[in-house]
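1. Okay, sequence plus prediction incoming.
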Amino acid sequence: MSSSSPLALNTPSTPSSLTAITTGISFKRQFKPYFTKRQLATLASLKKSGTLAAKENIARHTYCKFIQDVGKKLGFPQKTISTSQALYHRFYLYYSIRDYAPQDISVTCLFVASKIEETLKKLKDIIVAVHSVKYPDKKELDPEQISDERRRRIINYEKLLLETLSFDFQLRHPYEYVIKFIKWIQAFQPTLDSKRLAKKAYSLAVDSYKTLVCIEYPAHTIAAGCIYLASRLLKDEDESFQGLSTTEPWDQHFLSRMEDIEDVCQQILDLYIAINVRGDVTHLTKTKIALNEQAQQRGPDRIMDDVTREEIKPKISDWEFDGVSNPLDVVNTNQHTVSYHFSTC
């Protein structure tokens, strides 16, 4: 685990001095597959978003749903849509919605994801689908009416997105793990209602991309969290439902820390509570409380070292770059030479 110092972040990694940034000597970028809560808090504080934080959360929910709707309109498989949403989250780790309109970035993410997942669509087709989703009661947009300026803007954003990714396109999704895990569980727990559990867990996995779990945890841990939460929710809805056994060490079976599985559950529950303000969320709240009580009874992870324990805790950074009001504004400019570093393994 890396040091908790923000200077230890390697996506992008920070030069040893402010001079190295402002004089444009060099700047390193290296793809980081997952981020701790400390690192996410550091990146958020670097953006100096302040009151924009709440707006960015709302935008995340809104535009991840927008990406889902446009992707379905285009006939994309769920894997392509989820890749688009993951790209959206990664882009806004380093940039703000006040500088880059979420709708344009959503279009860009769909365009790039269609290439990554080899489900290619022309940019004009994506823009037509965006217009159809945004204005369902209006006449379909004529592709010939799409301005060259709009196309050029998306192409420029594509380059920026690829640079943000450090040209690393290795994205894994939890869907295949959901199916494999449930098939494996049924082999030693034959009473499991596998079809209902798989359907619910898959649905939770789809919705998980409206949260940041895809950049915090590997796909198999997200799948484990979705299966674990699905079993609890279905049991609350129907007491006769045969879900996961309460006596099995699921953290060992899923090769994930129980704290991480529970955190995936909590973030999905927070999403559902947030988007169902007018609905009855009592059962969701009860599930959150039950998970919290379970964690308290279990106690802290006894084999975790102190550095790791601090690293995974959310914390607002208490440091700044001297004389720079917004360090990422400086980093995300052409004042430096970017060197991309790729893993050799």
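-> Received it, and whenever you're ready, just let me know what you need. The shown structure was predicted, so the numbers you read here are calculated from the model rather than taken from an experiment.
2. so where do the strands sit in the stretch 151-300 of the chain?
-> Using DSSP state E, counting those that start in this stretch, the stretch 151-300 of the chain contains no strands.
3. in it, which spans are helices?
-> Per DSSP state H, counting those that start in this stretch, the stretch 151-300 of the chain carries helices over the ranges 175-188, 194-208, 219-237, 250-253, 258-275, 282-298.
4. C-alpha coordinates for stretch 150-158, PDB please?
-> This file holds the C-alpha atoms of stretch 150-158, laid out as PDB (Å, rounded to 0.1, in the frame of the first residue of the first chain):
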ATOM      1  CA  ARG A 150     -19.700  19.700 -32.400                       C
ATOM      2  CA  ARG A 151     -17.900  16.800 -34.000                       C
ATOM      3  CA  ARG A 152     -14.500  18.400 -33.500                       C
ATOM      4  CA  ARG A 153     -15.300  19.100 -29.900                       C
ATOM      5  CA  ILE A 154     -16.100  15.500 -29.200                       C
ATOM      6  CA  ILE A 155     -12.900  14.400 -31.000                       C
ATOM      7  CA  ASN A 156     -10.900  16.700 -28.900                       C
ATOM      8  CA  TYR A 157     -12.500  15.400 -25.700                       C
ATOM      9  CA  GLU A 158     -11.700  11.900 -26.900                       C
END
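5. ok, back up a step: among the helices of the stretch 151-300 of the chain, show me which one is buried the most.
-> The highest average neighbour count among the helices of the stretch 151-300 of the chain, using mean count of other CB atoms under 10 Å, belongs to helix 219-237 at a mean of 23. Heads up, the C-betas are built off the backbone N, CA and C, glycines and all.
6. Using PDB, list the CA coordinates for that one.
-> What follows is helix 219-237 as a C-alpha-only set of coordinates in PDB (Å, rounded to 0.1, in the frame of the first residue of the first chain):
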ATOM      1  CA  ALA A 219     -14.800  -6.700 -10.400                       C
ATOM      2  CA  HIS A 220     -15.000  -9.900  -8.400                       C
ATOM      3  CA  THR A 221     -15.400  -7.900  -5.100                       C
ATOM      4  CA  ILE A 222     -18.200  -5.800  -6.700                       C
ATOM      5  CA  ALA A 223     -19.900  -9.100  -7.800                       C
ATOM      6  CA  ALA A 224     -19.500 -10.500  -4.300                       C
ATOM      7  CA  GLY A 225     -21.100  -7.300  -2.800                       C
ATOM      8  CA  CYS A 226     -24.000  -7.500  -5.300                       C
ATOM      9  CA  ILE A 227     -24.700 -11.100  -4.500                       C
ATOM     10  CA  TYR A 228     -24.500 -10.600  -0.800                       C
ATOM     11  CA  LEU A 229     -26.800  -7.500  -0.900                       C
ATOM     12  CA  ALA A 230     -29.200  -9.300  -3.300                       C
ATOM     13  CA  SER A 231     -29.600 -12.200  -0.900                       C
ATOM     14  CA  ARG A 232     -30.400  -9.800   1.900                       C
ATOM     15  CA  LEU A 233     -32.900  -7.700   0.000                       C
ATOM     16  CA  LEU A 234     -34.700 -10.700  -1.400                       C
ATOM     17  CA  LYS A 235     -34.900 -12.300   2.000                       C
ATOM     18  CA  ASP A 236     -36.500  -9.000   3.300                       C
ATOM     19  CA  GLU A 237     -39.100  -9.100   0.500                       C
END
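7. now it and helix 258-275, what's the angle there?
-> Helix 219-237 and helix 258-275 are oriented at 60 degrees to each other (axes from the mean of the first three to the mean of the last three CA atoms, to 10 degrees).
8. which strands and helices sit next to helix 219-237?
-> On a contact count with 3 or more CB pairs under 8 Å, 6 or more residues apart in numbering; DSSP states H and E, helix 219-237 meets helix 175-188, helix 194-208, helix 258-275, helix 282-298.
9. Which strands and helices lie in contact with the helix or strand harbouring Ser106?
-> Using DSSP states H and E, Ser106 sits within helix 102-116. The contact analysis (3+ CB pairs under 8 Å, 6+ apart) places helix 102-116 against helix 52-74, helix 78-94, helix 123-134, helix 148-164.
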